[in-house]
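**Student:** what's the 3D shape of this:
(one chain, ligands or ions: 1)
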Amino acid sequence: MNDGAQRKYGPLGRTLVIIPTFNEAENIKPIVARVRSAVPEAHILVADDNSPDGTGKLADELAAEDDHVKVMHRKGKEGLGAAYLAGFRWGLDNDYGVLVEMDADGSHQPEELPRLLTALKSADLVLGSRWVPGGRVVNWPKHREYLSRGGSTYSRLLLDVPMRDVTGGYRAFRRETLEGLGMDQVASQGYCFQVDLAWRAVKAGFHVVEVPITFVERELGDSKMSKDILAEALWRVTTWGVGSRVNKVLGRRNG
Ligand SMILES: Nc1nc2c(ncn2[C@@H]2O[C@H](COP(=O)(O)OP(=O)(O)O[C@H]3O[C@H](CO)[C@@H](O)[C@H](O)[C@@H]3O)[C@@H](O)[C@H]2O)c(=O)[nH]1
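**Tutor:** Numbers count the residues shown, from 1 in each chain. Okay, the predicted model is just below:
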């Protein structure tokens, strides 16, 4: 991971907070209100996958009252990765300088966003991290904590990345980072999208910084974590890790 010491960073530009939603009717209004109050200058893009519970309609109501709120209506549930990629492309097309990932359910505290943005002044990518000193999780069942810690450790060791929280979903990217990490080749659909992007950022030589966050388990609605999402993460991370080791060995032999 590049230490960024010699790099000169330009001003951050306008911030877009992308909130992917699937069935977050109870959460969407409170989270938008919290982001608006924590970072009033930021714009918000709700990327809704045609939620049956009407989340998209509630987001439209917010957008009608507030020009800082935008809504992307997607045709159906295609996974977290696809929703973020569509949101990033929209943000890049609309000249935002900073693109933020945030869950809709209140797990990620909007009040912590100013700290992530401050860190981004001298970084290419900032990861909100549960697993660095000062980071923590609140009310998460033990099995989720073990799964998440285990997933991060597995990804870190296999992909040879230095970050502690590789699977987390509270992040701030400079636009140049997204433009430079090969977004168009990303095929991950579920939560391994987060690992995919972090690994790409490291491989592309970007300066990645972890900032401790407090992750609070949602009080309303349900997690979308599923066996399919876990299986996708396991096979993709394993394939990437084994593939990159084989390539390293072949590269050494041939060169
Ligand atoms: N548009 C869209 N949004 C989705 C989809 N699946 C999930 N989301 C949205 O993505 C956010 C996170 O989903 P959750 O289901 O609440 O995630 P979690 O179980 O709390 O997962 C946590 O752990 C993951 C793995 O470590 C993290 O990747 C994630 O960010 C979060 O920290 C929520 O806003 C949810 O509505 C989808 O298919 N489409």
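**Student:** in the stretch 51-200 of the chain, what residue is nearest the ligand?
**Tutor:** Here the stretch 51-200 of the chain gets closest to the ligand at one residue, Gly169, 2.0 Å apart by Cβ to the nearest ligand atom. Just so you know, the C-beta spots here come from the backbone N, C-alpha and C atoms, and that holds for glycine as well.
**Student:** where does the stretch 151-255 of the chain come near the ligand, residue by residue?
**Tutor:** For the stretch 151-255 of the chain, the residues in contact with the ligand (Cβ under 6 Å from any ligand atom) are 167-169, 191, 194, 223-225.
**Student:** at 8 Å what do you get?
**Tutor:** Neighbours of the ligand within the stretch 151-255 of the chain, by Cβ under 8 Å from any ligand atom: 151-152, 167-170, 189-191, 193-194, 215, 217-218, 221-225.
**Student:** quick one: the strands in the stretch 1-150 of the chain?
**Tutor:** With DSSP state E, counting those that start in this stretch, the ranges of strands along the stretch 1-150 of the chain come out as 15-21, 43-48, 69-73, 98-101, 125-129, 136-138.
**Student:** export these as a markdown table, with columns for mean pLDDT and mean neighbour count.
**Tutor:** Formatted as a markdown table, the entries for the strands of the stretch 1-150 of the chain read as follows, by pLDDT from 0 to 100; neighbours: other Cβ atoms under 10 Å:
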| stretch | mean pLDDT | mean neighbour count |
| --- | --- | --- |
| strand 15-21 | 98 | 26 |
| strand 43-48 | 98 | 25 |
| strand 69-73 | 98 | 19 |
| strand 98-101 | 98 | 24 |
| strand 125-129 | 98 | 27 |
| strand 136-138 | 94 | 13 |
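**Student:** neighbours around the residue of the stretch 51-200 of the chain closest to the ligand, how many?
**Tutor:** Other residues near Gly169 number 19, with proximity taken as other Cβ atoms under 10 Å.
**Student:** just Val246 next, same as before
**Tutor:** Around Val246 sit 10 other residues, with neighbours defined as other Cβ under 10 Å.
**Student:** from Glu176, how far out is it?
**Tutor:** Applying Cβ to Cβ, to the nearest Å, the value for Val246 to Glu176 is 31 Å.
**Student:** what about the strands in the stretch 151-255 of the chain?
**Tutor:** Counting by DSSP E, counting those that start in this stretch, the stretch 151-255 of the chain has these strands, from start to end: 171-174, 208-212, 214-216.
**Student:** out of the ones you listed, which one sits most buried?
**Tutor:** Looking across these with neighbours counted as mean count of other Cβ atoms under 10 Å, the highest average goes to strand 171-174: a mean of 26.
**Student:** and that strand, what does it pack onto?
**Tutor:** In terms of contact count using 3 or more Cβ pairs under 8 Å, 6 or more residues apart in numbering; DSSP states H and E, strand 171-174 is assigned the packing partners strand 98-101, helix 113-120, strand 125-129.
**Student:** how many residues are close by Met14?
**Tutor:** Just so we're on the same page, residue 14 is Arg rather than Met. Number of residues near Arg14 (other Cβ under 10 Å) recorded here: 14.
**Student:** which residues touch it?
**Tutor:** By Cβ atoms under 8 Å, 6 or more residues apart in numbering, the contact set of Arg14 is 41-43, 95-98.
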